[in-house]
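*Asks:* Turn this into a model:
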Amino acid sequence: MASSQASLLLQKQLKDLCKHPVDGFSAGLVDEKNIFEWGVTIIGPPDTLYEGGFFNAIMSFPQNYPNSPPTVRFTSDIWHPNVYTDGRVCISILHPPGDDPSGYELASERWTPVHTVESIMLSIISMLSGPNDESPANVEAAKEWREKRDEFKKKVSRCVRKSQEMV
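*Replies:* Modelled structure (predicted):
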């Protein structure tokens, strides 16, 4: 039952995004037969190090969506403190609902069922605009962001160039 409700909700969100595209990203199904896996492309936000890039990711929804958050994993190379080296995005709203076992995040900052694909994607775009190096998924990128900004910028520039070649 939960799966069919999730499926209907995702179909509605996809239809809404097709009718009313949102600046900064595009989204669609990876496979027309699977509403639970979306391909998304995030356009590097203006006036950021990621400007001009086209970063592809897979958004995978659980069967009990929207009660649990999707996962988002970049398939394009990306260098960012809040992206694990395997491409998984680490932002508060993608963390399971409830209290944070490590005590870092407030429950109100974590996943709630009111989030949509649009709000998730806008949060990821915001993440690209301003990394959170206090709670990094990629410790090396966070350290570079803080201590060796020129090296960080070079790595991001390489990722942007590579993403442009893939278009």
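*Asks:* What about the nearest residue to residue 95 once chain neighbours are set aside, how many residues nearby?
*Replies:* Spatial nearest neighbour of residue 95, chain neighbours left out: residue 110 (4.7 Å); criterion: Cβ to Cβ, 6 or more residues apart in numbering. Yep, even glycine has a C-beta here, placed from its N, CA and C like the rest. Look at residue 110: counted by other Cβ atoms under 10 Å, it has 18 neighbours.
*Asks:* And the pLDDT at residue 110?
*Replies:* In this prediction, residue 110 carries a pLDDT score of 90.
*Asks:* I'd assumed residue 97 was in contact with it.
*Replies:* Yes. Shown here, residue 110 and residue 97 form a contact pair, counting by Cβ atoms under 8 Å, at 5.6 Å.
*Asks:* mind listing what residue 30 touches?
*Replies:* 37-39, 58 (Cβ atoms under 8 Å, 6 or more residues apart in numbering).
*Asks:* Would you mind pointing out the helix or strand residue 15 falls in?
*Replies:* In this assignment (DSSP states H and E), residue 15 forms part of helix 2-19.
*Asks:* Over to stretch 105-113 now: how far is its first residue from its last?
*Replies:* 17 Å (Cα to Cα, to the nearest Å).
*Asks:* Could you report the pLDDT at residue 41?
*Replies:* pLDDT, residue 41: 97.
*Asks:* Help me confirm that it is found in a strand?
*Replies:* Yes. Counting by DSSP: H, G, I helix; E, B strand; the rest coil, residue 41 is located in a strand.
*Asks:* secondary structure class for residue 122?
*Replies:* Under three-state DSSP, residue 122 comes out as helix.
*Asks:* just to revisit the earlier point, from residue 132, how far off is the residue nearest to residue 95?
*Replies:* 14 Å (Cβ to Cβ, to the nearest Å).
*Asks:* likewise residue 80?
*Replies:* 10 Å.
*Asks:* Among these two, which residue is more densely surrounded?
*Replies:* Comparing residue 80 with residue 132 by neighbour count (other Cβ under 10 Å), the higher total belongs to residue 80, at 27 against 16.
*Asks:* ok now do the more buried one, which residues does it touch?
*Replies:* Taking Cβ under 8 Å, 6+ apart as the test, what residue 80 contacts is 127-128, 131, 138, 141, 156.
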